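Student: got a predicted model here, sequence first, then my questions.
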Amino acid sequence: MNKPEISGNVIVIPSDAVYIATVDEFVEKKLDKAGVSKSVKADVAISVSEIVDNAIFHGNSGDVNKKVTVKIDIRKDEVEVVITDQGRGFDSDSIPNPVEKSNILKRVGRGIFIVRSLMDSVDFNFTSTGTRVVIKKRIKG
């Protein structure tokens, strides 16, 4: 795979940061089409970008032969996005809190903290074939 592939509500990209903007555009178009509010759209878009960035660099170690898959489902009351990579996974509970004094100046560890603060739920599933992150945001009526 050397370029993004889109099919319905799924986009698959090679593990290259150059495609994060393509994922952003894909997600934002889906949210716009569904009439999602600007604040929900911003929260979801930022969260997807953070998780895709982690999938590319941490999950797949920047290996362009590995892919990242993003699936978005927009329901009446909720947006659900599933991001999958082909990496080994990690212990999501061992990530240090980036706002603690000893971690403030560290360059890593903020992405998942940000996603957890913006989304209503964040679930990590680790398998022998990769990591699957499910993020959900309620749509306020």
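Tutor: Cool, the structure landed.
Student: following element in sequence after the lowest-mean-pLDDT helix or strand in the chain, please.
Tutor: In the chain, the helix or strand scored least confidently by mean pLDDT, DSSP states H and E is helix 111-118, which has a mean of 87. Following helix 111-118 in sequence order, the next helix or strand is strand 121-127 (DSSP states H and E).
Student: give me the angle between the helix ranked longest in the chain and helix 111-118.
Tutor: Looking across the chain with DSSP state H, the single longest helix is helix 38-54. If you take axes from the mean of the first three to the mean of the last three C-alpha atoms, to 10 degrees, helix 38-54 sits at 160 degrees to helix 111-118.
Student: in the helix or strand that helix 38-54 is followed by, what counts as buried?
Tutor: Where DSSP H and E defines the elements, the next helix or strand beyond helix 38-54 is strand 67-74. Within strand 67-74, the residues scored as buried using 16 or more other C-beta atoms under 10 Å are 67-72, 74. Bear in mind the C-beta positions are built from the backbone N, C-alpha and C, glycine included.
Student: now do strand 67-74, average pLDDT.
Tutor: Taken as a whole, strand 67-74 has a mean pLDDT of 97.
Student: pull up the pairing partners for that strand, direction included.
Tutor: strand 10-14 (antiparallel), strand 78-84 (antiparallel) (DSSP bridges).
Student: buried ones in the longest helix of the chain?
Tutor: 40-41, 43-54.
Student: and those as a markdown table, adding pLDDT and distance to D32?
Tutor: Below are these laid out as a markdown table (pLDDT from 0 to 100; distance: C-beta to C-beta, whole Å):
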| residue | pLDDT | distance to D32 |
| --- | --- | --- |
| V40 | 96 | 11 |
| K41 | 96 | 7 |
| D43 | 97 | 14 |
| V44 | 98 | 11 |
| A45 | 97 | 11 |
| I46 | 96 | 16 |
| S47 | 97 | 17 |
| V48 | 98 | 14 |
| S49 | 96 | 16 |
| E50 | 94 | 20 |
| I51 | 95 | 20 |
| V52 | 96 | 19 |
| D53 | 93 | 22 |
| N54 | 91 | 25 |
